[in-house]
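build me a model:
(chains A and B)
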Amino acid sequence: MITSPLNEVVEKETAAAKPKCLRCCVAAGCLSSGSLAVKQSLQASVTEAGLQDEVHVKGVGCMGLCSQGPLVQADPDKVLYTGVTAESAPTIVSALQGAKVDLPTTDLNHPFFTLQRPIVLENSGRIDPERIEEYLVANGYQALYAAVRDMTPKDVVDAITSSGLRGRGGAGYPTGLKWALVAKTPSHQKYIVCNADEGDPGAFMDRSVLESDPHRVLEGMALAGYAVGATQGFIYVRGEYPLAISRLQTAIKQARRLGVLGSQIFESGFDFKIDLRIGAGAFVCGEETALMASIEGKRGIPRVRPPYPAESGLWGQPTLINNVETFANVAPIIRNGPDWFSSIGTGKSKGTKVFALAGKITNTGLIEVPMGTPLSTIVEVMGGGTPDGSAIKAVQTGGPSGGCIPAHKLDTPVDYESLASIGSIMGSGGMIVMDADNNMVDVARYFMEFCMEESCGKCIPCRAGTVQIHRILTKIHEGKAGQEDIETLEQLCEMVKSASLCGLGQSAPNPVLSTLRYFREDYTALLPKASEVTV
Amino acid sequence: MAVKTLTIDGTLVTAQAESTVFDAAHEAGIFIPSLCRLEGVTTTGSCRLCLVEIEGSNRLMPSCILKVDEGMQVRTDTPRLREYRKMIVELLFAERNHTCAVCVANHNCELQDLAKSVGIDHVRYEYTFPKAEVDITHERFGVDHNRCVLCTRCVRVCDEVEGAHTWDISGRGTNSRVITDMNQPWGDAQSCTSCGKCVQACPTGALFKQGSTVAEMQKDRTQLEFIVTAREKKQWIG
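Residues are numbered from 1 along each chain as shown, chains lettered A, B, ... in the order given. From the prediction side, this is the model:
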């Protein structure tokens, strides 16, 4: 155990701990189904029963099983109540006192929970995201303390490199390599940027991390700042995440108050500040060069790389840009050592990955599994398959940049290379399950419409190509297309993929190409039969 | 200054170290098409017409931005690149209402020349026929959005050479439009100095001098070049 000046806070917090605890999820999913009223009702019932010295009611982050919210977990009884309402909340308090009650609960021994391996989400659903004290009790900021006191910046970079961590934003670039690049680029000013512009339809991993455990991201960024020699960090978070923004603001304020951010952190010579920048609703601003243009106050459009941000980023200075989940992995790696991290996962993909399960799946929610877990384990065993028991037709990963994986490929392990080899991508972690009701032409058309509307318009292939691809898909959907349209579609997709300027355009055709590859019959079924064609 | 030797389409070419592949090729008499590039202003690499293949890389690179490198093997005219260029120009024709027969820039239009050079005889894609406006509120010039290819030359020349930054882009994707000031009519744009550089920079008939009729709008690019080089050579000082 490292002794840090924050131990006093930790000791005070531990001493004040109550024997029993009711953890009520106050992340966006449960909040939208009324968990704030549940929390208030729990608090009122506890006070009414005179248990306020014995029972701690606290708001926590995401507990994963979003489809069954609002969720309340009772400790130390280890009971997870589902679908709690303000009316049923008092019953939970009586259960805490030993009463036999009949409330819907969920089995914590279900594979949904037991097969998870929380690293990024280790505190999610356990600590109050609005109190730095709870993060400190959960070993928070110890990695930063250890780093600035006992490690050189190079030690930190080396630890990240040997951990084998790769970028969790989708492309899987080796994180250590990126850090080393920025560290070695000489400059009087460097920047750290956290990409929290999570825009894929159906993806909510980063939002959950920010809402459930914001300090973990701040600590990861501060460690990165120390490692590469940056003193200023920016979190670019999308405006559609008001709760994440407010929790980040709270967290930054608390961190500054306790001196874990600011000047001379832990009485070392290391200064690090973090500021928020709020996105204004453009998907393309998740692309790193567009994101940086937006931070600079310019129109959020991408530019040609190279130069990469590591060489010339924000205001032309070397800039390290990583995604939320990548930064969330940093503190545990420094705390537990790179060998611990690299022992999890597969040969080339280390650690875990957070996935947001959505679509035709029983257990909608957030999971974190070791890399290499087969897709079938995730969607069938953990996710519980489709709600009505029908067969899964496809699993879509990577959102509008990814692809549809057919049922017969579900034994594929989730790692960067395996998913790429079957025409999809790891992406940021959205996973949408589809059954026979989902026509793949419609799926492709939906994602193409998304890309068409989100194209910034700078380069012609993406701006005009997505429009034409969408038109052809619409024509096929309406049963007005011929075989030659499918050929034109394929040619256009190849061109847009190869010739577009940034990742948005380069990956926009993926949903079409992957559905053409595995579900061509969905396309051909919509072509008029030869006998129906009028000349 | 260091010099690099590279191979472009099988020909050995020498170029200054800071030179782009595009410039090196043109110096050696190898033509690479482009629409957004304009001598004297920053390059954006956005039209994607000057993409080239580099030996040992499966990524296509915009030659207007790519710097030359020793021993680099560049191919500028493969069947794949020819096909992509054709598709890109066809996409442009389908995107707005380009009707050469009634255009002021007919016979003096870079888009038209480009279409001829890449061998377009028809457009495979559905015309989208967008509703696009014509703004002739300026006393001398006009903008016809039907003919705009969004190359942003006007934006760059106005910002970087004239220093006025009257032009910019509004909207996104295919709904992008070049705008003057805060999307006011050009005639009301107070920052505009009426220098006309944007008109000379425009590759099509989108920006034109009022009073020109079909095929009369000849662009005088030498005017721009003079202004740019005169500044660089400081011919106006002392």
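
look up phi and psi at the closest residue to A:Met63 other than its chain neighbours.
Using CB to CB, 6 or more residues apart in numbering or on different chains and skipping the chain neighbours, the partner closest in space to A:Met63 is A:Gly125 (3.6 Å). (Each C-beta comes from the backbone N, C-alpha and C, glycine too.) For A:Gly125, the backbone dihedrals (degrees, to the nearest 10) come out as phi 80, psi 0.

was I right to think A:Gly125 contacts A:Gly61?
Yes: with contact defined as CB atoms under 8 Å, A:Gly125 counts as touching A:Gly61 (5.6 Å).

which residues are common contacts for the two?
A:25, A:212 (CB atoms under 8 Å, 6 or more residues apart in numbering or on different chains).

of the two, give the one with the bigger neighbour count.
A:Gly61 (29 against 24; other CB atoms under 10 Å in any protein chain shown).

how about the contacts made by the more buried one?
A:25-27, A:123-125, A:127, A:129, A:208, A:211-213.

could you do A:Ala86 as well?
A:34, A:37-38, A:40-41 are the contacts of A:Ala86 under CB under 8 Å, 6+ apart.

related to what we said a few turns ago, among the contacts of A:Gly61, name the ones in strands.
Judged by DSSP state E, strands contain the following of those: A:Cys25.

so which of the contacts of A:Gly61 are in helices?
Among those, DSSP state H puts A:208, A:211-212 in helices.

what residue in the stretch 301-450 of chain A comes nearest to chain B?
Nearest residue of the stretch 301-450 of chain A to chain B: A:Val304, at 4.1 Å (CB to the nearest CB).

does that residue belong to a helix, a strand or coil?
With DSSP: H, G, I helix; E, B strand; the rest coil as the basis, the three-state label of A:Val304 is coil.

what sits against it?
A:501, B:44-45, B:62, B:65.

again, 10 Å this time
Residues near A:Val304 by CB atoms under 10 Å, 6 or more residues apart in numbering or on different chains: A:289, A:458-459, A:501-502, B:43-46, B:61-62, B:64-66.

so the residue nearest to A:Met63 sits against A:Ala27, correct?
Yes: between A:Gly125 and A:Ala27 there is a contact at 8.2 Å, judged by CB atoms under 10 Å.

which neighbours do those two have in common?
Between them, A:Gly125 and A:Ala27 share these contacting residues under CB under 10 Å, 6+ apart: A:60-64, A:71, A:208, A:212, A:366.

tell me which of those fall in helices.
Cross-referencing those against helices under DSSP H gives A:208, A:212.

wait, which of the shared contacts of A:Gly125 and A:Ala27 is closest to chain B?
Looking across the shared contacts of A:Gly125 and A:Ala27 and measuring by CB to the nearest CB, the closest to chain B is A:Ser208, at 28.3 Å.

distance of the residue nearest to the closest one when sequence neighbours are not counted from A:Arg126?
Distances taken as CB to CB, 6+ apart place A:Cys62 nearest to A:Ser208, at 4.3 Å, with adjacent residues excluded. As judged by CB to CB, to the nearest Å, A:Cys62 and A:Arg126 stand 10 Å apart.

which of those two has more neighbours?
A:Cys62 (28 against 20).

list the contacts for the more buried one?
So A:Cys62 contacts A:25-30, A:69, A:71, A:121, A:124-125, A:129, A:204-205, A:207-209, A:211-213, A:365-366 (CB under 10 Å, 6+ apart).

and the pLDDT at it?
Per-residue confidence at A:Cys62 stands at 95 (pLDDT).

give me the pLDDT value at the closest residue to A:Arg238 other than its chain neighbours.
With CB to CB, 6+ apart as the criterion, A:Arg238 has its nearest non-adjacent residue at 4.2 Å, and that residue is A:Gly279. Looking at A:Gly279, its pLDDT is 95.

how many neighbours does A:Gly279 have?
Count around A:Gly279 with other CB under 10 Å applied: 23.

what does B:Glu70 give?
So B:Glu70, with other CB under 10 Å, has 10 neighbours.

check A:Leu108 too.
Neighbour count of A:Leu108, defined by other CB under 10 Å: 12.

against A:Pro19, how distant is it?
20 Å.

again, but for B:Glu39
In this structure, B:Glu39 and A:Pro19 are 77 Å apart, going by CB to CB.

chain neighbours aside, what residue packs nearest to B:Cys158?
Nearest residue to B:Cys158 in three dimensions, chain neighbours excluded: B:Trp167, at 4.7 Å (CB to CB, 6+ apart).

before we move on, what about A:Tyr81?
Closest to A:Tyr81 by CB to CB, 6+ apart is A:Val72, at 4.6 Å.

bridged to that neighbour, which residues?
Listed by DSSP bridges, the beta-bridge partners for A:Val72 are A:Cys24, A:Tyr81.

and the pLDDT for residue 49?
The chain I'm using is chain A. 92.

oops, chain B please
97.

over to A:Glu453?
A:Glu453 is given a pLDDT of 96.

same check, this time on A:Ser4
Listed pLDDT for A:Ser4 reads 70.

separation between it and A:Arg238?
From A:Ser4 to A:Arg238 the distance is 34 Å (CB to CB).

swap in A:Lys529?
For A:Lys529, the distance to A:Arg238 (CB to CB) stands at 46 Å.

between those two, which is the more surrounded one?
For A:Lys529 versus A:Arg238, the count of surrounding residues by other CB under 10 Å is larger for A:Arg238: 22 against 7.

return the residues in contact with the more buried one.
Per CB under 10 Å, 6+ apart, neighbours of A:Arg238: A:196-199, A:206-207, A:244-245, A:278-283, A:285-286.

quick check: buried residues in the lengthiest helix in chain B?
Taking DSSP H as the criterion, chain B has its longest helix at helix B:79-95. For helix B:79-95, burial by neighbour count (16 or more other CB atoms under 10 Å in any protein chain shown) applies to B:81, B:84-95.

which residues do A:Cys62 and A:Arg126 both contact?
Shared contacts of A:Cys62 and A:Arg126, defined by CB under 10 Å, 6+ apart, are found at A:212-213.
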